[in-house]
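Asker: Next input, structure requested:
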Amino acid sequence: MSTVRDAAFEVLRRHGLTTLFGNPGSTEVSLLTRLPDDLRFVLALHEGSVVGMATGWAIGHEAPALAVLHTTAGLGNAVGAIATARANRVPLVILVGQQDRRHLALEPFLAGRLSGLAGDYPVWADQPARAQDVPGALARACHEATTFRGPALVVVPMDDWDAPFEGETMAAPVRVLRPAAVTDSDLAPLVELLAGARSAAIVAGAGASWDSLVALAERLGCPVFQESFGARAGFPQDHPRYAGVLPADRTRLRAVLAGHDAVLAVGAPVFRQYVYAPGPLVPEGTSVALVTDDPAEAHRSPADLAYLAAPAAVCARLAALVPARATETGRRDTEAGHRDAETGHHGTTVAGPDVPVPPAEGRPLRAAHVLHELARRLLADTVLVEETPSSRPDLHRLMPARTPLGFVAAAMGGLGFAVPAAVGLRMALPDRPVVAVVGDGAALYGVQALWSAAHYRVGALFVVLANGRYAILDRLAEQQGGKAPWPPFTEVDMGGLARSLGCPARRVDSYEELTAVLDEVLPSLAEREEPLLLEVTVTPDPDYRP
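Answerer: Residues are numbered from 1 along each chain as shown. Predicted structure coming up:
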């Protein structure tokens with residue numbers, strides 16, 4: 001007799017969801033026991049790490065990944081990571097266990113009140129009415145996650161898996177085709193806007209396609225800015241047209257966009273902000289257009305013209321339709337932008353006065369020293385995962401992304417993304433070097449994923465910038481004119497925590513130690529099969545302001 005479990009496994013195979021990231025609970029045991037040999041279970045020690053690793057896997061494969069969560073406590077523990085996956089526009093299928101359907105009405109132990117527990121962060125959620133509806137719900141979840149680029153959630157009672165499944169009709173198509181064509185007539189208003197602009201600018205987001213956007217930027221001869229707090233680099237940051245990261249407050253945003261009468265956002269919101277400042281987003285007289293495949297992003301953006309379409313297709317056609325422009329200069333220097341770059345050993349570093357001078361003997365390291373030395377040695381195809389809020393401006397300045405995965409970060413802002421995401425990315429891309437640059441405060445939120453890295457021999461490098469405090473929050477408190485009530489946590493030993501989870505770790509306290517260990521580790525990072533955590537002690541930058 002065929003069961004719901006058998007049919008569900010066929011759905012997972014059809015959609016390539018044969019790796020299951022999970023932290024098991026009793027409501028999932030009936031699903032996970034005696035898994036078929038072609039399905040692989042990957043254990044994480046916390047549900048936030050489960051979803052974080054699945055998120056990294058999905059980014060690396062550019063396809064949905066599967067996370068299996070326990071009932072209430074498991075889903076609750078994972079909500080922050082689910083929110084990050086939604087903000088990062090990463091497709092996930094999340095299967096959540098539930099108590100036995102036959103006595104749910106009596107609210108037995110472990111019965112979950114799961115409706116709405118993850119808030120509005122799932123792009124779709126379902127609690128199938130019958131056990132036989134579960135396979136179709138999983139198939140639909142895969143389609144919904146792919147179409148709306150986010151986590152789709154299915155709750156399954158534990159007894160459903162053994163229910164019979166014979167001759168049932170699944171409420172989901174076998175395949176969904178998503179044609180991306182755009183007509184020239186549809187693009188005519190945008191072509192007119194860009195062709196008539198005195199000075200255009202582009203804002204690139206995580207949803208942009210590099211090749212087509214490069215062609216359009218070169219055709220227009222215009223600067224390209226990276227969206228603030230983006231999930232991924234939307235444009236090659238070593239390209240002459242790259243102009244830096246947009247400021248995340250309205251006052252500085254208007255200053256950077258001054259002089260541009262047309263701004264085109266591609267795969268990015270209009271425009272991501274942080275601290276509130278009054279006034280309009282753009283200067284008077286500046287028209288804003290948007291191209292995105294995210295309906296919510298299109299519908300909420302204060303743009304003059306919005307296209308809900310595939311950015312790659314739109315930009316490729318625009319590059320053929322808009323008239324070419326002669327330009328006087330290449331790279332533009334702006335308040336938010338990069339300076340001229342020079343090539344280091346393998347990587348790209350910033351030249352001139354922005355290069356941090358090595359500290360004098362006995363003087364402490366700053367984050368900029370670490371990032372500069374990393375940038376000089378990283379191979380061009382390195383996947384770089386960032387979660388160091390107080391050092392992010394230095395990272396953008398010193399480590400320009402040269403591939404679409406040369407900068408990966410949490411667009412949501414919650415901590416705990418980088419460590420598990422780096423594990424999932426390396427598992428998905430075993431031939432590429434993966435480096436996570438993480439603050440010690442952020443690393444503590446996802447430290448359990450180091451066990452998974454060690455157990456599954458995931459050779460990622462975790463560079464922890466350890467200053468023993470939440471430096472960015474200290475600065476925000478200072479801006480409020482008061483002293484922060486939270487203490488530093490200098491007692492925390494990140495290397496000790498890593499080793500207790502089976503992950504090798506080394507401590508770096510000086511510039512000489514830093515350069516020596518990077519010279520040792522980075523050349524063979526792509527072939528490495530064992531993770532390594534470098535705990536680098538740094539002192540906070542007193543001049544940094546968020």
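Asker: Please pull out the lowest mean pLDDT helix or strand from the protein.
Answerer: Every helix and strand of the chain was ranked by mean pLDDT, DSSP states H and E. The lowest is strand 341-343, at a mean of 31.
Asker: Okay, now the unreliable bits of the protein?
Answerer: 326-354, 541-546 (pLDDT under 70).
Asker: Looks like residue 286 contacts residue 262 (just checking).
Answerer: Yes: Residue 286 is in contact with residue 262 according to Cβ atoms under 8 Å; the separation is 7.1 Å. Just so you know, the C-beta spots here come from the backbone N, C-alpha and C atoms, and that holds for glycine as well.
Asker: Now the host helix or strand of residue 298: buried residues?
Answerer: Per DSSP states H and E: residue 298 is located in helix 295-300. Across helix 295-300, burial judged by 16 or more other Cβ atoms under 10 Å covers 297-298.
Asker: Which strand or helix spans residue 516?
Answerer: helix 511-521.
Asker: Okay, now the sheet partners of whichever helix or strand comes after that helix, with direction.
Answerer: Using DSSP H and E, the helix or strand that follows helix 511-521 towards the C-terminus is strand 532-537. Strand 532-537 has its sheet partners listed here by DSSP bridges as strand 461-466 (parallel), strand 505-508 (parallel).
Asker: Show me how far the helix holding residue 516 is from its chain's centre.
Answerer: Offset of helix 511-521 from its chain centre (Cα atoms, centre = their mean, to the nearest Å): 28 Å.
Asker: and that helix, what other elements does it pack with?
Answerer: Packing contacts for helix 511-521, counted by 3 or more Cβ pairs under 8 Å, 6 or more residues apart in numbering; DSSP states H and E, involve helix 367-377, strand 505-508, strand 532-537.
Asker: thought residue 289 was touching residue 305?
Answerer: Yes: if you go by Cβ under 8 Å, residue 289 and residue 305 touch, sitting 4.3 Å apart.
Asker: Quick check on those two: which one has the bigger neighbour count.
Answerer: residue 289 (22 against 15; other Cβ atoms under 10 Å).
Asker: ok so the more buried one is a strand residue?
Answerer: Yes: counting by DSSP: H, G, I helix; E, B strand; the rest coil, residue 289 is located in a strand.
Asker: Pull the contacting residues for it.
Answerer: Residues near residue 289 by Cβ atoms under 8 Å, 6 or more residues apart in numbering: 190, 193-194, 262-265, 303-307.
Asker: switch to 7 Å and redo it
Answerer: 190, 193, 264, 303-305 (Cβ atoms under 7 Å, 6 or more residues apart in numbering).
Asker: From those, pick the one nearest residue 529.
Answerer: residue 264 (44.0 Å; Cβ to Cβ).
Asker: Give me the number of neighbouring residues for that closest one.
Answerer: 33.
Asker: Likewise for residue 41?
Answerer: 12.
Asker: now it: how far from residue 28?
Answerer: Here the distance between residue 41 and residue 28 works out to 10 Å (Cβ to Cβ, to the nearest Å).
Asker: list residues touching both of the two?
Answerer: residue 22.
Asker: if I look at the closest residue to residue 239 other than its chain neighbours, how far off is residue 183?
Answerer: What sits nearest to residue 239 in space, not counting adjacent residues and going by Cβ to Cβ, 6 or more residues apart in numbering, is residue 214, at 6.6 Å. Distance, residue 214 to residue 183, using Cβ to Cβ: 23 Å.
Asker: Show me which of the two is the more surrounded one.
Answerer: Neighbour count, other Cβ under 10 Å: between residue 214 and residue 183, residue 214 has more, with 20 against 8.
Asker: In a strand, the more buried one, correct?
Answerer: No: under three-state DSSP, residue 214 sits outside any strand and is assigned helix.
Asker: What ranges does the stretch 151-300 of the chain have for its helices?
Answerer: 184-196, 210-220, 250-257, 295-300 (DSSP state H, counting those that start in this stretch).
Asker: can you tell which of those is closest to residue 357?
Answerer: helix 250-257 (27.4 Å).
Asker: check contacts around the residue nearest to residue 473 when sequence neighbours are not counted.
Answerer: In this structure, residue 473 finds its nearest non-sequential neighbour in residue 484, 6.5 Å apart by Cβ to Cβ, 6+ apart. Residue 484 makes contact with 473-474, 477, according to Cβ under 7 Å, 6+ apart.
Asker: same thing but at 8 Å, please
Answerer: Contacts of residue 484 (Cβ under 8 Å, 6+ apart): 473-474, 477-478.
Asker: Please report the distance of residue 484 from residue 248.
Answerer: 21 Å.
Asker: wait, I meant residue 411
Answerer: 12 Å.
Asker: Over to residue 287?
Answerer: 22 Å.
Asker: now residue 107
Answerer: Counting by Cβ to Cβ, the gap from residue 107 to residue 248 is 45 Å.
Asker: Just want to know which of these two has more residues nearby.
Answerer: More neighbours surround residue 248 than the other of residue 107 and residue 248, with 18 against 11 (other Cβ under 10 Å).
Asker: Is the more buried one in contact with residue 273, as I believe?
Answerer: Yes: checked against Cβ under 8 Å, the pair residue 248 and residue 273 is within contact range at 5.4 Å.
Asker: who touches both of the two?
Answerer: residue 228.
Asker: about what we covered before: need the residues touching each of residue 289 and residue 305.
Answerer: Common neighbours of residue 289 and residue 305 (Cβ under 8 Å, 6+ apart) are 190, 193.
Asker: Just the buried positions in the helix holding residue 516, please.
Answerer: Counting neighbours by 16+ other Cβ under 10 Å, helix 511-521 gives 511, 513-515, 517-518, 521 as buried.
Asker: ok, now stretch 525-536?
Answerer: Buried-residue list, stretch 525-536, by 16+ other Cβ under 10 Å: 525-526, 528, 531-536.
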